[in-house]
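In: Quick one: sequence plus predicted model below, questions after.
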Amino acid sequence: MNLLKKLSIKRLTLLIFTAMYVIFFILTSIALYSYSLYESKKTEKIIKNFNSTLSNQISEKIDNISNVSKYPLLLPDINKLHNTLSLSEKYNIECLNYLTQICDMMLIQNDSLNGAYIFNRYGEGAFSIRNLISSKLKNVSDEKWFTNAITSENQINLIPNISLNNIYIDNCEDKEKSIGFTRKIVDVQTKRTTGIVLLTIPMSNVKDLLSSSLPYTNETIYLYDSQNNPIVSSSGSFLSSSPETLGLNTFSYTPKLKELNKNAVVSYNTIEFTNWTLINFIPRISAYHTNKLYIMFFIINIAFFSLLFLILFLFFNKRIFNPLKSLIDNMDKNVESTLNYDFDYNTDDEIGHLVKSYNEMKGRINNLININYKSKIEQKELELRQLQNQINPHFIYNTLESIHMMAEINDDFETSTMAEFFGSIMRYSMNKRSDIVSLRDEINIIDNYIYLQKIRFEQLFTIENVICEEVFDCKIIKMIIQPIIENSINHGLSKCTDSGKIIIEGKHINENLIIIISDNGIGMDENTLNSLMGYINGDNENFSGIALRNIHRRLKLTYGNEYGLEISSTINKGTKVILKMPFIK
């Protein structure tokens, strides 16, 4: 909780947006996975149900034909049929008509049949057909399908592919193969097979059944016999490999699914009664087309909401976070300096009102600070004038002049000079006409002051002026160098055992006048220096002297915040004070 309190509003909002997006992404992914799983199972169920339904339809068709083939066995005069079929010679007209009539009755019982035949065990027979020019039956005793039907132990047999040329003498124009169904006609008394019934279904009929109502695009149905030989397919073509090679010949009435490769799904099962294999080949893109559509829909949703989250965050970033950050930066700049930095943000929203109120408040604070500061300055000036008024300057000047004259009369020239120099310093400092003087005048007074201090400290130090000629006529604030030299003498050089030295430099740098007062005194450590600079800037009250602080404030008040006083010092090596002010002549 404490960590959240430390986060910025921008990062907290980003965290919230990220958490919302992660939750949305996880929930969407779970929903997508669940729905994908559901659709996959649904698709598998549809495929298996289709296989089961188609298998039942084929099985039902074969069962119906099986029932039709029982018709001769249910005749009341079955013995007549046995007797007719037992004749070894060719049939006469009466026998042919009798057998043809039976074939006609079988043919009309099922619309799927294109031919009904009855053969005796010697291969002679009669027939009834649809949509075929009249042709003559051949003796089929040598045909393989006939031999298998007669010799088979099964009462009924399926012939996956039988051609009309296997039945008729003439070459038939109709080359379409058929599926044949044979049933033995057995005399129940003698247990002897007297003939067979052959019923044929056109292959196109089965193909139409396989092709009807396919649920998927490019779906193909294949039908193979029990020996893995192709019978018919919905497309007219067959698999490049046998079902056995592909592992699709497992005996199972219940449909099974198998993925042949990444591009296809196969469902296969065994058809009851026939033991044929039904294979359903579906391209994966067709089988899972709906699933892929929903996956694409979910992906588009995720992309849409991702873009929406991004747009919303960028909107918040532009309209809220960036203005707040700029406002905070502006506040920090104003905290570090005077309240002179305005913040420009012209909108009518809440942040715009906040910025407007902030600027107005800053302006009022600035005015109050200026009023307060000017009041203090005026108060100090008033106190100074009161002090000056309490002491009659002319009395002081006259007294010093009397001392000067008496010393000369008594040949005490040193005392006379001291009185003269002290008088000039007093006149200079107490002159009310102007606080701005030339650097030359300031240096002249400094020379008088140094003379007096050397007498006091018995020539303990020397002073050196390194001032460029061009800066002597620059205008500066009166009495800003003397207090610094006094500090150097009292705090830097008075405790030195060796001879001290003070250097005064004056330079013209970048339109600024730089005055440097340095000494080789005892200096100060870094902590003391930092504390002193803090005192000068008004950040602490660790020192009692006011000279340096007043000089710093007078420079800033007169010339601006970019001007002032800086100090650098190294312990046991000395101290350097730098005064920066504009170059004005």
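Out: Sure, I can see it.
In: switch to C-alpha atoms for all contacts and neighbour counts from now on
Out: Will do.
In: Quote the end-to-end distance of stretch 488-495.
Out: 11 Å (CA to CA, to the nearest Å).
In: Show residues contacting it.
Out: Here stretch 488-495 makes contact (CA atoms under 8 Å, 6 or more residues apart in numbering) with 460-461, 500-502, 519-523, 574-575.
In: CA atoms of stretch 416-432 as PDB?
Out: Presented in PDB, the C-alpha positions along stretch 416-432 are these (Å, rounded to 0.1, in the frame of the first residue of the first chain):
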ATOM      1  CA  SER A 416      48.100  62.500  11.300                       C
ATOM      2  CA  THR A 417      47.900  60.200   8.300                       C
ATOM      3  CA  MET A 418      45.700  57.800  10.200                       C
ATOM      4  CA  ALA A 419      43.200  60.500  11.200                       C
ATOM      5  CA  GLU A 420      43.200  61.800   7.600                       C
ATOM      6  CA  PHE A 421      42.500  58.300   6.100                       C
ATOM      7  CA  PHE A 422      39.900  57.500   8.700                       C
ATOM      8  CA  GLY A 423      38.200  60.800   7.900                       C
ATOM      9  CA  SER A 424      38.100  60.100   4.200                       C
ATOM     10  CA  ILE A 425      36.600  56.600   4.900                       C
ATOM     11  CA  MET A 426      33.900  58.200   7.100                       C
ATOM     12  CA  ARG A 427      33.000  60.800   4.500                       C
ATOM     13  CA  TYR A 428      32.900  58.100   1.700                       C
ATOM     14  CA  SER A 429      30.700  55.700   3.700                       C
ATOM     15  CA  MET A 430      28.300  58.300   5.100                       C
ATOM     16  CA  ASN A 431      27.800  60.200   1.800                       C
ATOM     17  CA  LYS A 432      24.100  60.100   1.100                       C
END
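In: Counting neighbours, which bits of it end up buried?
Out: Neighbour-count burial for stretch 416-432 flags 416-426, 428 (criterion: 16 or more other CA atoms under 10 Å).
In: from those residues, which is closest to residue 255?
Out: Distance to residue 255, by CA to CA, is smallest for residue 428 among the buried residues of stretch 416-432, at 119.3 Å.
In: Would you list the phi and psi of residue 287?
Out: Per-residue torsions, residue 287: phi -60, psi -40 (degrees, to the nearest 10).
In: and residue 159, helix, strand or coil?
Out: What DSSP: H, G, I helix; E, B strand; the rest coil gives for residue 159 is strand.
In: Turn the buried residues of stretch 416-432 into TSV, columns for secondary structure.
Out: What follows is those, written out as TSV (three-state DSSP):
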residue	secondary structure
416	helix
417	helix
418	helix
419	helix
420	helix
421	helix
422	helix
423	helix
424	helix
425	helix
426	helix
428	helix
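In: which of the contacts of stretch 488-495 count as buried?
Out: Applying 16+ other CA under 10 Å to the contacts of stretch 488-495 flags 460-461, 500-502, 519-523, 574-575 as buried.
In: Quick check: can you list the domain ranges of this structure?
Out: Taking automatic domain parsing as the criterion, the chain consists of the domains 70-206, 337-387, 465-582.
In: Of these, which is nearest residue 29?
Out: Residue 29 lies closest, by CA to CA, to one member of these: domain 337-387, at 38.4 Å.
In: quick check: mean pLDDT across that closest one?
Out: Average pLDDT, domain 337-387: 68.
In: for stretch 154-172, same thing?
Out: Per-residue scores along stretch 154-172 average to 82.
In: How about stretch 79-99?
Out: Averaging pLDDT along stretch 79-99 gives 87.
In: could you redo the contacts of stretch 488-495 as CSV and give each row secondary structure, distance to residue 247 and pLDDT?
Out: As requested, the contacts of stretch 488-495 are arranged in CSV below (DSSP: H, G, I helix; E, B strand; the rest coil; distance: CA to CA, whole Å; pLDDT from 0 to 100):
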residue, secondary structure, distance to residue 247, pLDDT
460, coil, 115, 68
461, strand, 113, 74
500, strand, 109, 82
501, strand, 109, 86
502, strand, 108, 89
519, strand, 104, 88
520, coil, 103, 88
521, coil, 104, 85
522, coil, 102, 86
523, coil, 99, 86
574, strand, 100, 88
575, strand, 99, 92
